[in-house]
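In: Predicted structure and sequence below. I'll ask about it afterward.
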Amino acid sequence: DLFEREPIAMLRLFHIAQERALDIHPDALRAVAQNLKRVDHRLREDAAANALFLGMLTSRKDPATTLRRMNEAGLLGRFLPEFGRIVAQMEHSLYHIYTVDEHTIQAVGVLHQIETGELAEALPLATSLMPKVLSRTELYVATLFHDLGKGRGMDHSEVGAELVAQAGPRLGLTQEQIET
């Protein structure tokens, strides 16, 4: 089995699907789910695997759909344990109708829609400012990590910043990017 020999192939599957705008066959998704135990510290520390993940997160080709597919297959939470802690976590307030994982993925999707101009009518200022953002990668990482500290009994945004500080080097971010 390819995923047994090369666990990074699970990430490549989602990357290729994203780049070519392809669906992933249910059998392939099932194979990913059946091989999640192969996602261990070696894969999490692998520079190529982290570059693939960061590339998918910051892709100009619908990162939210890719993250959602990875999440549904169980791969996102296994590869990024910081995300795994908030999978299916409910937040009970007037402003949150989604689980924290889905809310986070939707936030990445909205950021992408702002960047592509899809929300120009609703969010004209944000849309006009987006091309001027110098730290695009950092903005996507911050959006992904912002709510990952929920449910830990502290300010979730501060915990999210701490999680970026821990995970950033693994993801290939420089110290300057992490601080940003």
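Out: Yep, that arrived.
In: What is the subsequent helix or strand relative to the least confident helix or strand in the chain by mean pLDDT?
Out: Least confident helix or strand, the chain: helix 81-84 with a mean of 84, by mean pLDDT, DSSP states H and E. Counting by DSSP states H and E, the next helix or strand C-terminal to helix 81-84 is helix 100-116.
In: Okay, buried residues for the next helix or strand after that following helix please.
Out: Sequence order places helix 124-129 as the next helix or strand after helix 100-116, per DSSP H and E. Counting neighbours by 16 or more other CB atoms under 10 Å, one finds that the buried residues in helix 124-129 are T127. Heads up, the C-betas are built off the backbone N, CA and C, glycines and all.
In: got it, and stretch 99-110?
Out: Result for stretch 99-110 [16+ other CB under 10 Å]: buried residues 100-105, 107-110.
In: Repeat that for stretch 160-176.
Out: Across stretch 160-176, burial judged by 16+ other CB under 10 Å covers 160-164, 167-168, 170-171, 173.
In: and of the residues you listed, the nearest to P26?
Out: Closest approach between the buried residues of stretch 160-176 and P26, by CB to CB: L171, at 29.3 Å.
In: What sits closest to that closest one if chain neighbours are left out?
Out: Leaving aside its sequence neighbours, L171 sits nearest to N50 (CB to CB, 6 or more residues apart in numbering; 5.0 Å).
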